[in-house]
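> 3D, please:
(2 chains)
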Amino acid sequence: MGPIDEIKTELIKWAQKNKVSELPGAESDLGRPLEVLYTPASIDQTDYLEKIGFPGAYPFTRGIYPGMYRIRPWAMRLYSGFGTAEDTNQRWKFLLKTGNNGVACAFDLPTQMGLDSDDPEAEDEVGRVGVAIDTIRDLEILFDGLPLDRIVSSFNINAPGAIILAMYAALGENQGIGPEKLNGTLSNDILCEYVSRGLWVFPAQPALRLTTDVVEYCAQKMPRFYPFNIRGIIMREAGASMVQEAGFAFSNAIAYIEDAVNRGLDIDAFAPRISFFFATGTQIFEEAARYRAARRVWARLMKERFGAKKPSSLLFKFTGTVGGSYYRAREPENNLIRGAYGLLANVLGGTQGMLHPAMDEPFAIPTEETAKLALRTQQICAYETGVTKVADPLGGSYYVEALTDQLADEIEKVIRTIDEMGGAVAAIEKGYMQQRIADEAHRLAMDEKAGKRVVVGVNKFVDEAVRKRKMSFHKFSSSMLSRQKKRLAKIRKERDNDAVNQALARLSDEAKGRNNLVPPLIETVKTYASIGEIMGALKAVFGTFCEPLNI
Amino acid sequence: MSGKIRVLMAKPGLDGHDRGAKVIARTFRDAGFEVIYTGLHQTPERIVGAALQEDVDVIALSILSGAHLSICKKTMAALKEAKVGDDIVLIVGGTIIDADISKLKAMGVAEVFGPGSPIDAGVEYIKTRFKDEPS
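You can find the predicted model right below:
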């Protein structure tokens, strides 16, 4: 009898002796039954070198770098932005001082939708959930005192993403800094917008063209810049399961890669600069296993499906976060704790960076105090718990390896389903991803209502006498709209409007053709053309997306 | 006329987060209401227009960007302009802090469902509100 068979025999004896079958059952987050115990027998089919391996080596299950956090902890950032460029510049300087590495820019909704601050449809939303950017002048102010060759800037913007990239490159040029020195990320992930975030403008085909224009430009001119931060988080926060999040995000990534490869780009020229942004809840082992599975699935996909040759093309690089949907309004201090556990799941999962949500996330964007607590949560984890000492500390856990295998299979199943539908764009235009996510969101809500999904202080251990803690929230400045409109009016008056119109006309012509739009966009933004004017010119050529309406 | 309570679930403004709107819309449908969903990026004027066209009893706004005060003010104005300010019930849900609830009600918003509202609160409110109405 081999050692595994011996273990199986002893396991049966142990289970019988201890009446283990009478123990209450347990299910994974996806509703799959969990064993009472995992042993070497649970993973005897998993070849260590083939499936688990070493950090920094195919299939990267144990981490994308050999040293992982021995070298340095994950990058700690807080997604932030509000009001005018001056307001956000000030907050960024505070965050950088308290220990954040780099800036992660939140843009307001008008900017993300390609509307100017003086657009009537924009006025309720200017500066609320992010910073208002109308022209390159706003970006100059936003980065005042923050030299572009020494800062890492992440931009969460999609439909007008190419315009922001153009502004950043032009700003660098004005500062005497070449594009090859610029370091940062553009999410550039329009498919996710169609699915769950709603900040789309153009239909899918022209949107993909712009997406690939950015990828191509970065591959040629901005090699340190990441032209993708493909988001699972948005779909996860809309209700997607941890498997759907990965499966749908990877399907979207496949669509982007195919578009770039069809244009003639070499996969290894841009794949090393693909990054992802995922979210977790607080199921520590499953979430960590999900990230290990994601690394394995992505590596295999890049190698076998796309034939990528460079090792760095195979890496699932991601920023993690704890989903704000896991936080609650009731007893908000509990969110600090939820955040800490969720953070642990991300770190045990091998994240490259964290954008940690502040405890007042159910109510408003963070104050300085809650932003600082979010950062301290990360710093305490990194420097006081010892979880950074050795790479992939959960590796070898029979439970976690079994979970990793299972989740990898499930993620690949989702990708195959989308493939069979004709790919991500087809699935999205049919409303398939949206419907699956809405179904899952509904199931989660019903489970919570029934108490099947426990939320402490909300549906279990409810303290009826809890008085709402007095909290001060971020205050929206109502004067900022008039400040911003004044600035924009002044710019429109003082700029060379002939140059603006000529640039927009040239851009329009190029949009009708097939050339890369980033160079003409750079020339256009330099004339102080506004985002609204540029998007208007492009909308006239590209049209607008038609949303499938299903609940 | 079926006699069912008719609800327009609307996403005003630019906010594109529709998880809450879709989940709540389903609770309304499961409770037996007739639900029409507008989709994203609606203006207050278009919402009121749709409400009239669909002959609804309730407009339910979902707002997560913090713009609820200005959006509700415009929506109430559009309802009054269309002379249905007293006929259509306006309710709103989203990231609305307590301090704003009384301001919204003073505008004419019938009920507000902020963060932490129980999932069936909207259904319960509508059922109670229309309990004695002839169908």
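
> quick one: the strands in the chain, in order.
You didn't pick a chain, so chain A it is. Per DSSP state E, chain A carries strands over the ranges A:75-77, A:79-80, A:103-105, A:152-155, A:183-186, A:225-226, A:228-231, A:274-280, A:317-322, A:353-355.

> the intended chain is chain B.
According to DSSP E, the strands that chain B contains are B:6-10, B:34-37, B:58-63, B:89-94, B:111-113.

> residue A:329 against residue A:362, yeah?
Yes: with contacts counted by CB atoms under 8 Å, residue A:329 reaches residue A:362, the gap being 4.2 Å. Quick note: C-beta positions are derived from backbone N, CA and C, even for glycine.

> hey, what's in contact with both of these two?
Common neighbours of residue A:329 and residue A:362, using CB atoms under 8 Å, 6 or more residues apart in numbering or on different chains, are B:115-116.

> about what we covered before: just put the strands of chain A in a markdown table and tack on distance to chain B, mean neighbour count and mean pLDDT.
A markdown table is the format used below for the strands of chain A (distance: least, CB to the nearest CB, whole Å; neighbours: other CB atoms under 10 Å in any protein chain shown; pLDDT from 0 to 100):
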| stretch | distance to chain B | mean neighbour count | mean pLDDT |
| --- | --- | --- | --- |
| strand A:75-77 | 22 | 21 | 85 |
| strand A:79-80 | 15 | 22 | 80 |
| strand A:103-105 | 17 | 26 | 90 |
| strand A:152-155 | 18 | 22 | 92 |
| strand A:183-186 | 19 | 22 | 94 |
| strand A:225-226 | 23 | 22 | 95 |
| strand A:228-231 | 13 | 26 | 96 |
| strand A:274-280 | 13 | 25 | 96 |
| strand A:317-322 | 16 | 26 | 96 |
| strand A:353-355 | 17 | 25 | 92 |
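
> any chance of those in TSV, plus distance to residue A:56?
Listed next are the strands of chain A as TSV, based on distance: least, CB to CB, whole Å:
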stretch	distance to residue A:56
strand A:75-77	18
strand A:79-80	28
strand A:103-105	26
strand A:152-155	22
strand A:183-186	22
strand A:225-226	19
strand A:228-231	21
strand A:274-280	17
strand A:317-322	12
strand A:353-355	18
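
> let me see the contact set for whatever residue of chain B ends up closest to chain A.
Chain A sits closest to residue B:16 of chain B, with a gap of 1.8 Å, by CB to the nearest CB. Contacts here follow CB under 8 Å, 6+ apart; on that basis residue B:16 touches A:193, A:196-200, B:40-41.

> pLDDT score for it?
The model reports residue B:16 with a pLDDT of 91.

> right, and residue A:454 touches residue A:460 too?
Yes: counting by CB under 8 Å, residue A:454 touches residue A:460, with 4.9 Å between them.

> name the residues contacting each of those two.
Residues within reach of residue A:454 and of residue A:460 at once, by CB under 8 Å, 6+ apart: there are none.

> and which of the contacts of residue B:16 is nearest residue A:375?
residue A:197 (25.2 Å; CB to CB).

> any low-confidence regions in the chain?
Chain wasn't specified; assuming chain A. Across chain A, residues meeting the criterion (pLDDT under 70) sit at A:469, A:550.

> let me rephrase: I mean chain B.
Across chain B, the ranges flagged by pLDDT under 70 are B:1-2, B:134-135.

> who in it is up against chain A?
Contact residues, chain B versus chain A (CB under 8 Å from any CB of the partner chain): B:9, B:11, B:13-19, B:22-23, B:25-26, B:29, B:35, B:37, B:39-41, B:43, B:65-67, B:70-71, B:74, B:95, B:97-98, B:114-116, B:118-120.

> go with 7 Å
By the rule CB under 7 Å from any CB of the partner chain, the part of chain B lying against chain A is B:13-19, B:22-23, B:25-26, B:37, B:39-40, B:43, B:65-67, B:70-71, B:95, B:97, B:115-116, B:119.

> which non-adjacent residue is nearest residue 110?
No chain in the question, so chain A it is. residue A:122 (3.6 Å; CB to CB, 6 or more residues apart in numbering or on different chains).

> not what I meant, chain B
Leaving aside its chain neighbours, residue B:110 sits nearest to residue B:89 (4.8 Å; criterion: CB to CB, 6+ apart).

> tell me the bridge partners for that neighbour.
Taking DSSP bridges as the rule, residue B:89 bridges to residue B:58.

> check whether it really touches residue B:128, as I assumed.
No: judged on CB atoms under 7 Å, residue B:89 makes no contact with residue B:128 at a distance of 11.4 Å.

> comparing the two, which residue is more hemmed in?
Each of residue B:89 and residue B:128 has its neighbours counted (other CB atoms under 10 Å in any protein chain shown); residue B:89 has more, 20 against 10.

> which residues touch the nearest residue to residue A:343 once chain neighbours are set aside?
Closest residue in space to residue A:343, ignoring its immediate chain neighbours: residue A:381 at 5.5 Å, by CB to CB, 6+ apart. By CB atoms under 7 Å, 6 or more residues apart in numbering or on different chains, the contact set of residue A:381 is A:343-344, A:347, A:387.

> ok, so of these, who is nearest chain B?
Checking these against chain B by CB to the nearest CB gives residue A:343 as the nearest, at 21.9 Å.

> for the closest one, grab the count of nearby residues.
When neighbours are defined as other CB under 10 Å, residue A:343 has 27 of them.

> next: residue A:490.
Neighbour count of residue A:490, defined by other CB under 10 Å: 11.

> which of the contacts of residue A:381 ranks first by neighbour count?
In terms of neighbour count, residue A:343 stands highest of those at 27 neighbours, by other CB under 10 Å.

> tell me the phi and psi of the residue of the stretch 301-450 of chain A found nearest chain B?
Residue nearest to chain B within the stretch 301-450 of chain A: residue A:329 (3.4 Å; CB to the nearest CB). Phi and psi for residue A:329, reported as degrees, to the nearest 10, are phi -80, psi -30.

> next up, the contacts around it.
With contacts defined as CB under 7 Å, 6+ apart, residue A:329 is in contact with A:362-363, B:115-116.

> can we see that at 10 Å?
The contact partners of residue A:329, by CB atoms under 10 Å, 6 or more residues apart in numbering or on different chains, come to A:335, A:360-363, A:458, A:468, B:95, B:97-98, B:114-117.

> which residues touch residue 123?
No chain in the question, so chain A it is. A:110, A:115, A:117, A:481, A:485, B:13, B:67, B:70, B:74.

> wait, I meant chain B there
Contact analysis of residue B:123 by CB under 10 Å, 6+ apart lists B:5, B:7, B:24, B:27-28, B:30-33.

> show me the helices in chain B, by range?
B:19-30, B:44-53, B:68-81, B:101-107, B:121-129 (DSSP state H).

> which elements pack onto the shortest one?
If I follow you right, that is helix B:101-107. In terms of contacts (3 or more CB pairs under 10 Å, 6 or more residues apart in numbering or on different chains; DSSP states H and E), helix B:101-107 is packed against helix B:68-81, strand B:89-94, strand B:111-113.

> centroid residue for chain B?
Compute the mean C-alpha point of chain B, and by CA atoms, centre = their mean the closest residue is residue B:60, 1.4 Å away.

> residues contacting that residue?
Applying CB under 10 Å, 6+ apart to residue B:60 gives the contacts B:7-10, B:21, B:24-25, B:28, B:33, B:35, B:37, B:89-93, B:111, B:113, B:122, B:125-126.

> give me that answer again for 6 Å
With contacts defined as CB atoms under 6 Å, 6 or more residues apart in numbering or on different chains, residue B:60 is in contact with B:7, B:9, B:91.

> close to chain B: what parts of the stretch 351-500 of chain A are there?
By CB under 6 Å from any CB of the partner chain, the residues of the stretch 351-500 of chain A that approach chain B are A:362-363, A:438, A:441-442, A:445, A:449.

> how about a cut-off of 7 Å?
Residues of the stretch 351-500 of chain A lying near chain B by CB under 7 Å from any CB: A:362-364, A:438, A:441-442, A:445, A:449, A:473, A:476.

> make CSV from those and add distance to residue A:497 and neighbour count to it.
Shown next, in CSV, are those (distance: CB to CB, whole Å; neighbours: other CB atoms under 10 Å in any protein chain shown):
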residue, distance to residue A:497, neighbour count
A:362, 45, 18
A:363, 43, 23
A:364, 39, 22
A:438, 46, 24
A:441, 47, 22
A:442, 51, 21
A:445, 52, 20
A:449, 57, 14
A:473, 41, 16
A:476, 33, 17
